[in-house]
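K.L.:
need a 3D model of the following:
(chains A, B, C and D)
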2 protein chains.
Amino acid sequence: MDLNVHDEMTCQVRDVLDRVGDKWTLNVVHQLRHGTRRFTDLKRGIDGISQRMLTVTLRALERDGLVARTVHPVVPPRVDYALTPMGQTLLKTAWELIEWAQTHADDIAGARRRYDSTAG
Amino acid sequence: MDLNVHDEMTCQVRDVLDRVGDKWTLNVVHQLRHGTRRFTDLKRGIDGISQRMLTVTLRALERDGLVARTVHPVVPPRVDYALTPMGQTLLKTAWELIEWAQTHADDIAGARRRYDSTAG
DNA sequence: TTCCCCGGTCACCCCATGGTTCCTGATGAT
DNA sequence: ATCATCAGGAACCATGGGGTGACCGGGGAA
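P.N.:
Got it, this is the predicted structure:
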């Protein structure tokens, strides 16, 4: 029975990383932590993201019910993005991982230097 | 000042995902949750991983001080892998993300179906 | 003697991820 | 009469992450 659970886990690990582990998703989610943002606003806020990748990432988040997209039929167009309640729980959880990274950044850098100096 | 913090955050998000967000790392860490495992044992436990990718992933984890590698000079060769204390804290944190995924798997699947049926 | 086991390394190749550039469409400002 | 704004769409392309298969070395089993 442990094996079955274990295989399910393996699958879940894969699923969550496929969902959230790409280059931009958590960045976008993080940008939305304080509330509604507009497309160009997000683009300016995320260093290095292209227009296309922002669109792709937002669409995926919208599809999964993590981000709500609101179109205002005005000109020039105005589209608002915000986290859904489920998106907010994701942010909360992912935040812990970010904090872990901050806490251990130095340890990892040190370990890396040691490893590289001994093993070439 | 919020902007500076914000940019640092963006960087940290990127760093942690570069470290942990690839296809296999969390799977391997998860496999090691109960203690020491051997190479072939890990390979059998992670569905679909190739020998090369397991090696690459383990080397990266070792380099970052997250996994300890112990070679026993016997024949046939025996190599043990185990989480370091830092690796265990990573597992603990990542676990929350996995639990999030399990909790919301149905919601996401539902949202996805709705999205695809209306816009697809 | 030949095969298998274990823990890898090496060389090669593919395709998915993501980047770049150009396009749209309505309108207000210059 | 242009030009810029805003939110994308479409086509094209490059990189590298990741997969495949071969090979290694030394001892035990058949």
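K.L.:
which element is the residue of chain A found nearest DNA strand D on?
P.N.:
Ranked by CB to the nearest atom of the strand, the top residue of chain A for proximity to DNA strand D is A:T40, at 3.1 Å. Glycine gets a C-beta too; all of them are placed from N, C-alpha and C. Using DSSP states H and E, A:T40 sits in helix A:39-45.
K.L.:
what's the first helix or strand after that helix?
P.N.:
Tracing the chain past helix A:39-45, the next element assigned as helix or strand by DSSP H and E is helix A:51-63.
K.L.:
can you classify the residue nearest the centre of chain A by secondary structure?
P.N.:
By CA atoms, centre = their mean, the mean C-alpha position of chain A lies nearest to A:L26, the distance being 1.3 Å. State at A:L26, reduced to three classes by DSSP: H, G, I helix; E, B strand; the rest coil: helix.
K.L.:
check contacts around it.
P.N.:
By CB atoms under 8 Å, 6 or more residues apart in numbering or on different chains, A:L26 lies in contact with A:20, A:94, A:98, B:13, B:17.
K.L.:
and it, how far is that from DNA strand C?
P.N.:
11 Å (CB to the nearest atom of the strand, to the nearest Å).
K.L.:
hey, where'd the helices end up in chain A?
P.N.:
A:2-20, A:25-31, A:39-45, A:51-63, A:85-119 (DSSP state H).
K.L.:
most tightly packed of those helices?
P.N.:
Greatest average neighbour count among these goes to helix A:25-31 (a mean of 23), per mean count of other CB atoms under 10 Å in any protein chain shown.
K.L.:
apart from its chain neighbours, what residue comes closest to A:L32?
P.N.:
The shortest distance from A:L32 to any non-neighbouring residue, by CB to CB, 6 or more residues apart in numbering or on different chains, is to A:L83 (4.8 Å).
K.L.:
who's that neighbour bridged to?
P.N.:
For A:L83, the beta-bridge assignment (DSSP bridges) gives partners A:V67.
K.L.:
what about it, how many residues nearby?
P.N.:
Counted with other CB atoms under 10 Å in any protein chain shown, residues neighbouring A:L83 total 23.
K.L.:
list the contacts of it.
P.N.:
A:L83 makes contact with A:29, A:32-33, A:66-68, A:90-91 under the criterion CB under 8 Å, 6+ apart.
K.L.:
name the nearest of these relative to DNA strand C.
P.N.:
A:V29 (14.2 Å).
K.L.:
that closest one contacts A:L91, correct?
P.N.:
Yes. At 5.2 Å, A:V29 counts as touching A:L91 under the criterion of CB atoms under 8 Å.
K.L.:
name the spans of chain A whose pLDDT lies under the cut-off.
P.N.:
Along chain A, the parts satisfying pLDDT under 70 run over A:1-11, A:119-120.
K.L.:
so which bits of it are right by DNA strand D?
P.N.:
Contact residues, chain A versus DNA strand D (CB under 7 Å from any atom of the strand): A:38-41, A:51-52, A:55, A:58-59, A:69, A:71, A:76-79.
K.L.:
ok, so of those, who is nearest B:G45?
P.N.:
For these, the residue nearest B:G45 by CB to CB is A:R59; the value is 34.8 Å.
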